[in-house]
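Peer 1: pasting the structure only:
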Ligand SMILES: NC(=O)C1=CN([C@@H]2O[C@H](COP(=O)(O)OP(=O)(O)OC[C@H]3O[C@@H](n4cnc5c(N)ncnc54)[C@H](OP(=O)(O)O)[C@@H]3O)[C@@H](O)[C@H]2O)C=CC1
Ligand SMILES: O=C(O)C1=N[C@H](C(=O)O)C[C@H](O)C1
């Protein structure tokens, strides 16, 4: 480590992702703060150049108050309420903030393909999004599934909120974007977008083969984000530069 090695804070450091991030920091980042539920020393975040968050919505919201203006924040936590989403988005007026429901490059590409496919195909095709994750996952549908749903909705020029069906208990309506959720075992994260007509079905899919893909993606985002102007950034900003 040198004096110029960026100082990083890990929010949710003892979690599955927090541990993967800490391991991936080796030789690249100086881990200056580790925030856990047992030791929530948020003050230590004020000494960091960048904070990586894979924790819980309440922890993310609590941490915001301790970040000095200009501290880069990379957040992957999913399952925020609308109110929590608004609080976090507001923080982008004083922090460079990059958020994504998925830090893999493969999902960024899948998302672009899903948008392109739904824009090209138009009406007459039904969209269903399937996801499977490990048995411990708290939120459903996953942040990634919602991102993919949003990409499909944008392809159709509609708002996802008006067409999303998360708990189907009746017939499908034209224009619905349906979500199906599976949980079990140790699955890192599988996602499929199915686009189906009366005669054919397109399946666009992605499987995460380990958790490191998310950790390395988040650290690439951290490298890119340090020193940028306050604002809300996404993986697309990183990929296109
Ligand atoms: N964007 C992406 O690419 C990815 C996003 N994620 C998301 O990241 C989040 C974390 O996932 P994962 O690591 O699997 O979950 P874990 O439950 O393994 O980790 C979360 C950690 O945060 C801790 N925590 C909870 N509340 C607080 C708090 N108030 N202060 C400090 N620490 C707290 C938990 O402590 P305790 O265990 O004691 O409850 C736990 O150690 C989820 O929202 C998940 O969806 C996950 C993978 C990739
Ligand atoms: O909780 C997880 O594990 C994951 N969560 C993210 C999500 O909600 O999409 C990303 C990835 O699929 C793993």
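Peer 2: Arrived safely, thanks for sending. None of these values were measured; they are calculated from a predicted model. Ligands and ions are numbered 1, 2, ... in the order given.
Peer 1: Next to ligand 2, which bits of the chain? Give me the list.
Peer 2: When proximity is defined as CB under 6 Å from any ligand atom, the chain approaches ligand 2 at 78, 101, 102, 133, 137, 142, 143, 144, 189. Yep, even glycine has a C-beta here, placed from its N, CA and C like the rest.
Peer 1: hmm, 5 Å instead?
Peer 2: 78, 101, 102, 137, 142, 143, 144, 189 (CB under 5 Å from any ligand atom).
Peer 1: Can I get the residues you listed in a markdown table including secondary structure and neighbour count?
Peer 2: Formatted as a markdown table, those follow (DSSP: H, G, I helix; E, B strand; the rest coil; neighbours: other CB atoms under 10 Å):
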| residue | secondary structure | neighbour count |
| --- | --- | --- |
| 78 | coil | 23 |
| 101 | coil | 22 |
| 102 | coil | 26 |
| 137 | coil | 18 |
| 142 | coil | 23 |
| 143 | helix | 19 |
| 144 | helix | 25 |
| 189 | coil | 23 |
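Peer 1: what's the closest of these to residue 127?
Peer 2: Comparing the residues of the chain next to ligand 2 against residue 127 with CB to CB places residue 144 closest, at 15.3 Å.
Peer 1: quick one, what contacts that closest one?
Peer 2: 78, 101, 102, 107, 131, 189, 191 (CB atoms under 8 Å, 6 or more residues apart in numbering).
Peer 1: rerun that using 7 Å as the cut-off
Peer 2: 101, 102, 107, 131, 189, 191 (CB atoms under 7 Å, 6 or more residues apart in numbering).
Peer 1: Please apply the same query to residue 231.
Peer 2: Counted by CB under 7 Å, 6+ apart, residue 231 has contacts 92, 96.
Peer 1: Specify the beta-bridge partners of it.
Peer 2: Going by DSSP bridges, residue 231 is paired in beta bridges with residue 96.
Peer 1: quick one: it from residue 99, how far?
Peer 2: 11 Å (CB to CB, to the nearest Å).
Peer 1: ok, now residue 63?
Peer 2: Where residue 99 is concerned, residue 63 sits at a distance of 14 Å (CB to CB).
Peer 1: do residue 76 as well
Peer 2: 8 Å.
Peer 1: Likewise for residue 149?
Peer 2: Counting by CB to CB, the gap from residue 149 to residue 99 is 16 Å.
Peer 1: Could you check the helix ranked longest in the chain and say which residues are buried?
Peer 2: Assignment by DSSP state H gives helix 105-121 as the longest helix of the chain. Under the neighbour-count criterion of 16 or more other CB atoms under 10 Å, helix 105-121 has 106, 107, 108, 110, 111, 113, 114, 115, 117, 118 buried.
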